[in-house]
Structure formats: C-alpha cells, structure tokens
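Peer 1: Could you work out the structure for the sequence below:
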Amino acid sequence: MRSGPIDPDNFTPDPKNPRIAEFFVNIGFADTLGSGVRNLYKYTQVYSGQDPQLIDGDTFKTITPLALSVTQQVTERGTDGVTEGEAAVIRLIGEEPAMTQAAMVARLSVSRKTVAARLLALKGRG
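Peer 2: Reported below is the predicted structural model:
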C-alpha cells in the first residue's frame, strides 16, 4: 500500500479492496478506477483556481479549496478600469451572490438597462 500525496499526473489506482472494486466495475456501478481523482482535480481547478489535496495513508484525507468570493477575486485582480458604477455592482454581488438584476435596480436606483450594461462590461473583463 502506498501512502502520501496523490498526483493525478502520476497516478495509478490502487483500490483498498480489489475484489469489491472489480465487482462494482463489472456491474457498471463504477467508472474506471481513478476517474474520480482526475475529475476532482479538473473541476476543483475550474471552480476555485486551485488544486485539491488528496493524501493517502492510514486515514485518507481530502482538502478541497473553496472558490474566492467576488470581492476577493476583484481584490486579487485589481480594479483597473472598473467604474464606480461597476464597483457598486461588484459590492452588491459580494453581499448577495444570487441577487437579481431587478434587486440591483432597486438598490442602486438606476435603470435595468444600466445594470445590464454594467454586468455585461464586468463579464467581458472576466
């Protein structure tokens, strides 16, 4: 049995119980062994921009980083080229990520067209 960090680029699946793993693969309830590790690395990178940590030993340990909040992302990237109106939209999204455009219109006291234009400009810059 191997122990230590798991790296998807240099990874060979090593099931803890090969007979049970083989049974589930044969009845179609499991994907190819190791696909979960590859997918976890792939989607955690997309979601948070960081790699998860998988550490195998006597106890298997997983550390999955969370995505940065909108406010943290803006802080890291800087606010170059962001207008005061766009910054107001960013603050609202930071407070309530699921806020609708209608709610933004009410909170900012601007038109729906203005909110839509600010969101489109921000989205265009990533």
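
Peer 1: contacting residues for T62?
Peer 2: Taking CB atoms under 8 Å, 6 or more residues apart in numbering, we find T62 in contact with P52, Q53, L54, I55. Heads up, the C-betas are built off the backbone N, CA and C, glycines and all.

Peer 1: for the closest residue to the third one other than its chain neighbours, what are its contacts?
Peer 2: By the measure of CB to CB, 6 or more residues apart in numbering, the closest residue to L54 outside its immediate chain neighbours is I6, 4.1 Å from it. Listed by CB under 8 Å, 6+ apart, the contact partners of I6 are V37, L54, I55, D56.

Peer 1: any idea how far I6 is from L122?
Peer 2: The spacing between I6 and L122, counted by CB to CB, to the nearest Å, is 37 Å.

Peer 1: cool, and L66?
Peer 2: For L66, the distance to L122 - CB to CB - is 21 Å.

Peer 1: which one of these two has more residues nearby?
Peer 2: Per other CB atoms under 10 Å, whichever of L66 and L122 has more neighbours is L122, with 18 against 9.

Peer 1: so the more buried one sits right up against E86, yeah?
Peer 2: Yes - under the criterion of CB atoms under 8 Å, L122 makes contact with E86 at 5.6 Å.

Peer 1: Among the contacts of T62, which one sits closest to A102?
Peer 2: Checking those against A102 by CB to CB gives P52 as the nearest, at 36.8 Å.

Peer 1: Okay, helices next: where are they in this structure?
Peer 2: 18-26, 35-48, 70-77, 84-95, 101-108, 112-124 (DSSP state H).

Peer 1: Tell me which of these sits nearest to N10.
Peer 2: The closest of the helices of the chain to N10 is helix 35-48. By CB to CB, the value is 11.2 Å.

Peer 1: Can you check the pLDDT for the residue nearest to L54?
Peer 2: pLDDT for I6: 74.

Peer 1: what's the spacing between it and D51?
Peer 2: Using CB to CB, I6 is found at 11 Å from D51.

Peer 1: Please apply the same query to P18.
Peer 2: Distance, P18 to D51, using CB to CB: 28 Å.
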